[in-house]
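K.L.:
quick one, fold the following:
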Amino acid sequence: MSEAISLERVKELIYEEERPWGKFRSYPQQLASSLKIITVNPDGLLSLQYHRQRSEYWVVLDKGLEVTLGSRSWQPEAGEEIFIPAGIPHRLKGNGSQPARVMELWLGPSDENDIVRLEDIYGRD
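P.N.:
Predicted structure coming up:
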């Protein structure tokens, strides 16, 4: 198993620069094994899951989601950034009237098989 990636390491590598028109924020692609945009439909519920090898870094793009991370659940604001360490159970739920999105950056070596589902309403293992 690879060395765990910490929130501190991710924050060190996030770069933000002001421009006359606003700003940009660059994320640590050198640590990433995948970048996704996840869209959750109203009342959609991802499995409660964790990952053995990868951590994840989410950037919430839209309102209308509920995030569960460990024992904490909340409704994040658009633009909120969330670090999910490897081994920590997490899930997304669509609780708005429109689909809502999260940008997900996989940190560390991984693939789609690195999902351990604890609960899943769709009957997946």
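K.L.:
tell me where the model's unsure across this structure.
P.N.:
Counting by pLDDT under 70, the chain shows low-confidence ranges at 1-3.
K.L.:
which residues sit in contact with the residue of it positioned farthest from its centre?
P.N.:
Using C-alpha atoms, centre = their mean, the residue of the chain lying farthest from its centre is residue 20. It sits 29.8 Å away. The contact partners of residue 20, by C-beta atoms under 8 Å, 6 or more residues apart in numbering, come to none. C-beta: built from backbone N, CA, C; applies to glycine.
K.L.:
how near is it to residue 108?
P.N.:
36 Å (C-beta to C-beta, to the nearest Å).
K.L.:
circling back: quick one, phi/psi of the residue farthest from the centre of the chain?
P.N.:
Backbone torsions for residue 20, taken as degrees, to the nearest 10, come to phi -60, psi -30.
K.L.:
again with residue 48
P.N.:
phi -80, psi 120.
K.L.:
how much space is there between it and residue 118?
P.N.:
Distance of residue 48 to residue 118, computed by C-beta to C-beta: 5 Å.
K.L.:
pull up the overlap in contacts between the two.
P.N.:
residue 89.
K.L.:
neighbour count: those two, which is higher?
P.N.:
Higher neighbour count among residue 48 and residue 118: residue 48, with 15 against 11, using other C-beta atoms under 10 Å.
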